[in-house]
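Q: Any chance you can model this:
(2 chains, ligands or ions: 1)
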Amino acid sequence: MKECMGLQAYLTDAMDVSEKGRFEAHLADCSDCRAAVEEDRAMSAALSGIPKVNAPAGFTAAVMREVSARRRSRLAWSAYGVAVVLVAALAGMILGGNVGAVAGDAAVLIQSLSDFGASLYTAVHNISAVLFGALPLGPGTPLAAGAVFFILCFVFYKTVFEFSAGRR
Amino acid sequence: MDVTEELQVIDAVLKGDADRYEALVNRYQKPIINFIFRMVGNYEDAAELAQDVFIKSYVSLAGFNRQYRFSTWLFRIATNRTIDFLRKRKVAVVSMEGDYEDYTPQYKSDGSSPLDTLEDNRVKALLGDAIQQLPAEYREVIVLYHVNEASYEEIAEITGLPLGTVKNRIFRARKMLKKILEGEI
Ligand SMILES: [Zn+2]
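A: Predicted coordinates for the structure are as follows:
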């Protein structure tokens, strides 16, 4: 029967009031549709009755430990971002550039560096976790890495300076 | 915690008060774990994946779109993470000649329809097993609708599917489950 086609729309609340009324009138006449509606409702009820599980003990604590670790690494990388900007500004002044004109971009640069650093931390953490099982990446690691990078920046700046001054 | 309070918590976390994130973890851990558990069928995997979901949500919280509810955002991360996990597991299972493909529920037919005894706890457990046999795209919507009690509209937002497709899949999934329970598949 043509009316039987409405079964799915009826069972998924896809009918307006008048369509619903018409289908319910059809249900009174059609035992196939009546049986189908009953079966679907029984299945829905059974699905809603599936037992729920609880989160394991210490779940929230484990998540929050990881959250703190991420946050610390982010802060450390932000500090490192500030350091890079300072080095750049210093280098700019020594080379006689217009530092004031670009100072407005410093905040953006720090933000980008801390974003980049946090991603880098995640990548390093994941790779090392795979390689060594559980490499102890404490809160000091990004700081140490930052210090090393700071020194590399200085060496890089010195090299550029030497080169530009023609004393190669 | 209502929607306004949730947004306040999110603002505080974004301003650097990471400890406030705990309220969101406490509120949503159970629904997220139950969703993932019914998707992957293994409690240990579910707990681990749920932890990933909450970390990922924290790390990318700046990208949270306020026009949606936080739960929608969280479930979107959970579905992506779970589907990704299932895809990798499927590759692993196939390569180990696993028995997922041949798996049939231990339903012993006594001539009556399984629907006649659906109140029975044993059948509820069988239903949990039967859900595991649904294709992932059907399992996802049926679990969101019946286990997590999400509305059709929320499911459409979480999955990015048109509303009609969501309704169609949920309806078809219930029919498939009935067939699985009857041992016809
Ligand atoms: Zn009919």
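Q: What residues of the longest helix anywhere in chain A count as buried?
A: The residue-count maximum for a helix in chain A (DSSP state H) belongs to helix A:59-94. By neighbour count with 16 or more other Cβ atoms under 10 Å in any protein chain shown, helix A:59-94 contains the buried residues A:59-60, A:62-64, A:66-67, A:69-78, A:80-81, A:83-85, A:88-89, A:91-92. Heads up, the C-betas are built off the backbone N, CA and C, glycines and all.
Q: Settle this for me: A:Ala55 is touching B:Ala46, isn't it.
A: No. Counting by Cβ atoms under 8 Å, A:Ala55 sits too far from B:Ala46 to count as a contact (9.4 Å).
Q: In contact with B:Arg89, which residues are there?
A: Each residue near B:Arg89 by Cβ atoms under 8 Å, 6 or more residues apart in numbering or on different chains is listed here: B:Val40.
Q: Could you check how far it is from A:Lys20?
A: 42 Å (Cβ to Cβ, to the nearest Å).
Q: Kindly report the residues of chain A close to the ion.
A: For chain A, the contact set with the ion under Cβ under 5 Å from the ion comprises A:4, A:30, A:33.
Q: Mark which of these are part of strands, please.
A: With strands defined by DSSP state E, no entry of the residues of chain A next to the ion lies inside them.
Q: Emit the ChimeraX select command for whichever of these are buried.
A: Buried members of those, defined by 16+ other Cβ under 10 Å, are picked up in ChimeraX with:
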select /A:30,33
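Q: Quick check: the gap between A:Lys2 and chain B.
A: 19 Å (Cβ to the nearest Cβ, to the nearest Å).
Q: what residues go with each domain of chain A?
A: Here the domain parsing of chain A from automatic domain parsing is A:7-48, A:59-167.
Q: Could you export the ones you listed as JSON lines, including mean pLDDT?
A: As requested, those are arranged in JSON lines below (pLDDT from 0 to 100):
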{"stretch": "domain A:7-48", "mean pLDDT": "94"}
{"stretch": "domain A:59-167", "mean pLDDT": "71"}
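Q: need those in JSON lines with distance to chain B, can you?
A: Listed next are those as JSON lines, based on distance: least, Cβ to the nearest Cβ, whole Å:
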{"stretch": "domain A:7-48", "distance to chain B": "4"}
{"stretch": "domain A:59-167", "distance to chain B": "4"}
